[in-house]
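Peer 1: here is my input, please return the structure:
(one chain, ligands or ions: 1)
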Amino acid sequence: MDYFKYKNGRLFCEEIDLDRMSGIKTPFYLYSWNTFKEHFLRFKESFKELDPLICFAVKTCNNLAILKGLARLGAGMDIVSGGELFLSSRAGVPADRVVYAGVGKTAEEIELSIDSGIGFFNVESEPEFIRIEKIARGKNKIMNALLRVNPDEYDKNTHDKTTTGKKGGKFGVDLEHVPAFFEAHGKSDYLKLTGIHIHIGSPIYSAEPYTRAITKMIDLIGKLGEKGFTIKYLDIGGGYAADYEDGASPSWDEYSESIAPLLQPIADNGIKIIMEPGRTISANAGILVTSVQYVKKVDQDRNIIITDTGMHHLIRPALYNANHFIWPANPGEAFSVTERRFDPDFDGLMEYDIAGPICESSDYLAKGRKLPPVAPADRLAVFTAGAYGMVMSSQYNAQPRPAEYMVDEDKVTLIRERENYGDLISKQCDRVITLG
Ligand code: LLP
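Peer 2: Have a look, this model is predicted:
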């Protein structure tokens, strides 16, 4: 569900008719605060019996206005860098609700995290454990560590580039090496190895891969217990899907119906469950609004729309062949869609490829899409762009990044200014460096 809807042939975000934003220069990201809020609260409701710590994956969408709002609703944060630690602390998230994953934590990032008193390090390798342990010991601070385990479970429908649960990858420790890891490090006084973390990929389109991976983890927790290692936390990661087309992902209740009963017995035994949802909260809460620059006729039935946005602002189609529903912001009554389908059923549609201005042949937002007839200056909405959209944007081809706006009912707030040409050079300099 989300609060982007067509009414009488015009797109609304909550109570705002996008026509009223026609004076605002495109491209821009537009978020619906009440979609974020409802997603978070409904996700929480679906898993309420487990009483999990829900840590929003900051990497999906990191504007402070959004993080602050989620923090006010009680969200913790799943972070993967010193930068995300900074953002989450600026957003007012209590540090003990922060889990820090990521395979390349630097000594500086580890120090910052210890100084701010984060709740958990999700440790990805043995050398990383040793480094964090040493720094914690040096500071005389006791920290919690969850060992990221590679359960060798994944969803075969997940794109190869976003599958993380496979054996032998860069993430986590393979299952068969976990007992030895606990034997070697499970008794540290400074980095308490008190939990297990998994994150098997993104998105995971059904509950089954989770249940297979969780079953292995429960078995592992039992075996570790027999060896005297008590597990207090199980973090089952993120990956819950989002609706790139209507109804494409399971509901939160559907995930929960399979996952929660598996976890309930261990939760009842005192193991705290942690979850790291990202796109399921943020993806459908944002769109990217772009203007058509040109419509280029290639042959009798092929037209290419060239827009003022592309892979530099939303890289998912170019990088993963990801599909985003795209539709004019003001298509008129005859094309007022009620359902988002990549193959919409209307009379009078035309087939288009939708391309960006970047000098790369992969710079398409979509190919072979049926749309109402489109003309230069029309605005298009690229849906389900709230996750891995703005955060993955770049200045490639010296294109400034777009602005971000947020709607809360009938109020529109600018939450990130559009970059300008000055921003393209603001960090460039001409300074001779004296080497030691
Ligand atoms: N936890 C960990 C440890 C993760 O690595 C990720 C995502 C998440 C949670 C959140 O996953 P989510 O719930 O959002 O699916 N750029 C790609 C996705 C990369 C995912 C990276 N890790 C895309 O646009 O599809």
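
Peer 1: what does the stretch 301-436 of the chain have sitting close to the ligand?
Peer 2: 316, 320, 387-388 (C-beta under 6 Å from any ligand atom). For every residue, glycine as well, the C-beta is placed using N, CA and C.

Peer 1: just flag the most distant two among those.
Peer 2: Farthest pair in these (C-beta to C-beta) is 320 and 387. Separation: 12.5 Å.

Peer 1: give me the more crowded residue out of the two.
Peer 2: The residue with more neighbours, out of residue 320 and residue 387, is residue 387; 25 against 14, by other C-beta atoms under 10 Å.

Peer 1: tell me who's in contact with the residue in the stretch 151-300 of the chain that the ligand sits nearest to.
Peer 2: Of all residues in the stretch 151-300 of the chain, the one sitting closest to the ligand is residue 278 (2.4 Å; C-beta to the nearest ligand atom). Each residue near residue 278 by C-beta atoms under 8 Å, 6 or more residues apart in numbering is listed here: 56-57, 59-61, 78, 202, 238, 387.

Peer 1: tabulate these (TSV), appending secondary structure and pLDDT.
Peer 2: Putting the contacts of residue 278 into TSV (DSSP: H, G, I helix; E, B strand; the rest coil; pLDDT from 0 to 100) gives the following:
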residue	secondary structure	pLDDT
56	strand	98
57	strand	98
59	helix	98
60	helix	98
61	coil	98
78	strand	98
202	coil	92
238	coil	98
387	coil	98
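
Peer 1: which of the residues of the stretch 301-436 of the chain next to the ligand fall within helices?
Peer 2: Of these, the ones assigned to helices by DSSP state H are 316, 320.

Peer 1: would you mind checking which of the residues of the stretch 301-436 of the chain next to the ligand is nearest to the ligand?
Peer 2: Using C-beta to the nearest ligand atom, those come closest to the ligand at residue 388, 3.2 Å.

Peer 1: what is the neighbour count of that closest one?
Peer 2: 24.

Peer 1: cool, residue 162 as well?
Peer 2: If you count neighbours by other C-beta under 10 Å, residue 162 ends up with 17.

Peer 1: repeat for residue 154
Peer 2: With other C-beta under 10 Å as criterion, residue 154 counts 23.

Peer 1: which SS state does it fall under?
Peer 2: coil (DSSP: H, G, I helix; E, B strand; the rest coil).

Peer 1: same deal with residue 373?
Peer 2: coil.

Peer 1: I figured it hits residue 350, correct?
Peer 2: Yes: at 5.4 Å, residue 373 and residue 350 qualify as touching, with contact defined as C-beta atoms under 8 Å.

Peer 1: element containing residue 266, please.
Peer 2: Element membership of residue 266 [criterion: DSSP states H and E] is helix 252-268.

Peer 1: CA atoms of that helix as CSV?
Peer 2: The C-alpha trace of helix 252-268 is given here as CSV (Å, rounded to 0.1, in the frame of the first residue of the first chain):
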residue,chain,number,x,y,z
TRP,A,252,3.9,-8.5,6.1
ASP,A,253,1.3,-10.8,7.7
GLU,A,254,2.2,-13.5,5.1
TYR,A,255,5.9,-13.2,6.0
SER,A,256,5.1,-13.2,9.7
GLU,A,257,2.7,-16.2,9.5
SER,A,258,5.7,-18.4,8.5
ILE,A,259,8.5,-16.7,10.3
ALA,A,260,7.1,-15.8,13.7
PRO,A,261,6.0,-19.3,14.8
LEU,A,262,9.5,-20.5,14.2
LEU,A,263,11.0,-17.8,16.2
GLN,A,264,8.4,-17.6,19.0
PRO,A,265,9.8,-20.5,21.1
ILE,A,266,13.3,-19.0,21.2
ALA,A,267,11.9,-15.5,21.8
ASP,A,268,9.9,-17.0,24.7
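
Peer 1: so residue 367, which of the three states?
Peer 2: Following three-state DSSP, residue 367 is assigned to strand.

Peer 1: ok, which stretches of the stretch 251-400 of the chain are strands?
Peer 2: Using DSSP state E, counting those that start in this stretch, the strands of the stretch 251-400 of the chain run over residues 272-275, 286-299, 302-307, 326-328, 350-355, 364-371, 379-382.

Peer 1: tell me how many other residues crowd residue 168.
Peer 2: Residue 168: 7 neighbours (other C-beta under 10 Å).

Peer 1: beta partners of the spatially closest residue to it that is not a sequence neighbour?
Peer 2: Spatially, and ignoring its direct neighbours in sequence, residue 168 is nearest to residue 174 (6.7 Å; C-beta to C-beta, 6 or more residues apart in numbering). Note on residue 174: beta-bridge partners by DSSP bridges are residue 150.

Peer 1: when you give positions from now on, start the count at 632
Peer 2: Shifting the count to begin at 632 puts that one at residue 805.

Peer 1: ok, residue 805 - contacts?
Peer 2: By C-beta under 8 Å, 6+ apart, the contact list for residue 805 reads 780-781, 783, 798-799.

Peer 1: is the longest helix seen in the chain in proximity to the ligand?
Peer 2: In the chain, with assignment by DSSP H, the single longest helix is helix 839-857. No: Helix 839-857 lies out of reach of the ligand by C-beta under 6 Å from any ligand atom, never closer than 11.7 Å.

Peer 1: re earlier: okay, the contacts of residue 805 in TSV with pLDDT and distance to residue 731 next?
Peer 2: As requested, the contacts of residue 805 are exported to TSV (pLDDT from 0 to 100; distance: C-beta to C-beta, whole Å):
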residue	pLDDT	distance to residue 731
780	97	16
781	94	18
783	90	24
798	81	24
799	82	23
